[in-house]
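Visitor: make a model of this:
(one chain, ligands or ions: 1)
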Amino acid sequence: MNCLLEVSSLKAVYLVREGTIKATEDVSFEIFENTVTAIVGESASGKSTIIEAITRTLPPNGRILSGKVFYRTVGFDLLEMKEDELRKIRWKKIALVPQAAQQSLNPTMKIIDHFRDTIEAHGLNWSKDELINKASEKIKMVRLNPETVLYAYPMQLSGGMKQRVLIALALLLEPEILILDEPTSALDVLTQAHIVQLLKELKTQMNITLIFVTHDIAVAAELADNIFVIYGGCLVESSPTEKIFKEPKHPYTQGLINSIMAINADMSKVRAIPGDPPSLLNPPSGCRFHPRCEYAMEICKKERPQLIKLPDNVKVACHLYNEGGCKDE
Ligand SMILES: Nc1ncnc2c1ncn2[C@@H]1O[C@H](COP(=O)(O)OP(=O)(O)OP(=O)(O)O)[C@@H](O)[C@H]1O
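Guide: Numbers count the residues shown, from 1 in each chain. Model prediction:
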């Protein structure tokens, strides 16, 4: 399998009056062609920051302090590219549906006008017919009826329909990579299931690589080939989906997986992770999870664990798996 995107040592922060929020610390991962990757973690763990840093769409107070995002198709580090070069890649090669993007649909514009705006923003000179044909094709792809949806205003569509429209818009220029930030949040359970089903269909029908952010590990289980677990701005585990559910390695991943057992299994086995997520303004020293970890050792307070390779394409950042660690398997 070809590696499409190689992210190494990505560090991003936000500058606020109180200091610096260390939102993403030394994050490294690879994305392989035609795979679906879920980035999971609790709220405020840094998931969106990773996506916004790699697409260079951080808000004005965000800063990328270090790292590389090597995109093999163009053979460049996206973080080094000039803004006008990057603009050629966005949407055409890498499309992003940001979190809460539904609010970005202009209430005074029909859906077809949003499609027109997108092509104009990319300097494309499509005829009216070409635009309607391509927009209709994409709207059909997301299982909506172009005859009604293209001429509707956003307020005439349900939340689930708007989310589909945003996915159709992102697909308009046939990107190689589609990134979705929380594509199912703020939707009711049934609509969430429909969006997950739609993304599954897109994965099989199109030659596309999907990356999505979710705080819901059950959604990740349903859709992803690979799961990246983020805790306190750090990537703590990356693993093929099946493997992570059978044998979660990092104590935090184990806690996350235990927390969804509540829905479908023996309640006596459910154990919430004690304590609260860390403040990223003043994160704990060493491993950011150590204050909540039942296996924490002295070294965990002092040294941040590096991501190490284990068999079966699993990677974990935990001192228990380093030499001298003693985690019972
Ligand atoms: N523009 C900003 N200015 C200051 N701090 C920010 C900004 N955006 C995010 N943060 C902070 O950075 C940290 C990581 O936020 P981020 O949105 O990346 O997390 P997340 O895991 O995507 O959370 P959620 O699931 O709630 O969207 C949090 O502490 C958050 O409060």
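Visitor: leaving out sequence neighbours, find the closest residue to the closest residue to the ligand within the stretch 151-300 of the chain.
Guide: Going by C-beta to the nearest ligand atom, the ligand is nearest to residue 280 of the stretch 151-300 of the chain, at 4.3 Å. For glycine as for every other residue, the C-beta is placed from the backbone atoms N, C-alpha and C. The spatial neighbour of residue 280 that comes closest, neighbours along the chain excluded (C-beta to C-beta, 6 or more residues apart in numbering), is residue 21 at 4.8 Å.
Visitor: now the helix or strand harbouring that neighbour: mean pLDDT?
Guide: Under the criterion DSSP states H and E, the helix or strand holding residue 21 is strand 19-32. When pLDDT is averaged along strand 19-32, the result is 96.
Visitor: helices or strands next to whichever helix or strand comes after it in the packing?
Guide: Next along the chain after strand 19-32, taking DSSP H and E as the criterion, comes strand 36-40. For strand 36-40, the packing partners by 3 or more C-beta pairs under 8 Å, 6 or more residues apart in numbering; DSSP states H and E come out as helix 47-54, strand 209-214, helix 217-223, strand 226-231.
Visitor: what distance separates strand 36-40 from the centre of its chain?
Guide: Mean-position distance between strand 36-40 and its chain equals 6 Å (C-alpha atoms, centre = their mean, to the nearest Å).
Visitor: do you know how far residue 115 is from residue 31?
Guide: Distance, residue 115 to residue 31, using C-beta to C-beta, to the nearest Å: 27 Å.
Visitor: got the contact list for residue 233?
Guide: Residues counted as contacts of residue 233 (C-beta atoms under 8 Å, 6 or more residues apart in numbering) are 22, 23, 24, 25, 27, 45, 46, 49, 280, 283, 288.
Visitor: mind doing that once more with 7 Å?
Guide: 22, 23, 24, 25, 45, 46, 280 (C-beta atoms under 7 Å, 6 or more residues apart in numbering).
Visitor: what's the answer for residue 78, then?
Guide: Contacts of residue 78 (C-beta under 7 Å, 6+ apart): 54, 56, 69, 71, 86.
Visitor: just put those residues in JSON lines and tack on secondary structure.
Guide: Shown next, in JSON lines, are the contacts of residue 78 (DSSP: H, G, I helix; E, B strand; the rest coil):
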{"residue": "54", "secondary structure": "helix"}
{"residue": "56", "secondary structure": "coil"}
{"residue": "69", "secondary structure": "strand"}
{"residue": "71", "secondary structure": "strand"}
{"residue": "86", "secondary structure": "helix"}
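Visitor: which of these are buried, as a ChimeraX select command?
Guide: Listed next is the ChimeraX selection for buried residues among the contacts of residue 78, using 16 or more other C-beta atoms under 10 Å:
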select :54,69,71,86
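Visitor: from the contacts of residue 78, which single one is nearest residue 164?
Guide: residue 54 (24.5 Å; C-beta to C-beta).
Visitor: tell me how far the closest one lies from residue 206.
Guide: Taken as C-beta to C-beta, the span from residue 54 to residue 206 is 21 Å.
Visitor: so what does the closest residue to residue 69 other than its chain neighbours have for phi and psi?
Guide: Excluding its sequence neighbours, the residue lying closest to residue 69 (C-beta to C-beta, 6+ apart) is residue 78, at 4.2 Å. Backbone torsions for residue 78, taken as degrees, to the nearest 10, come to phi -60, psi -30.
Visitor: starting at the chain centroid, how far to stretch 239-254?
Guide: That offset, for stretch 239-254, works out to 18 Å (C-alpha atoms, centre = their mean).
Visitor: packing partners for the strand holding residue 21?
Guide: Using 3 or more C-beta pairs under 7 Å, 6 or more residues apart in numbering; DSSP states H and E, the elements in contact with strand 19-32 are strand 3-16, helix 47-54, strand 234-240.
Visitor: output these as JSON lines; include the columns distance to the ligand.
Guide: Converted to JSON lines, these look like this (distance: least, C-beta to the nearest ligand atom, whole Å):
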{"stretch": "strand 3-16", "distance to the ligand": "3"}
{"stretch": "helix 47-54", "distance to the ligand": "3"}
{"stretch": "strand 234-240", "distance to the ligand": "12"}
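Visitor: CSV for those, including mean pLDDT?
Guide: CSV is the format used below for the helices and strands packed on strand 19-32 (pLDDT from 0 to 100):
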stretch, mean pLDDT
strand 3-16, 96
helix 47-54, 96
strand 234-240, 97
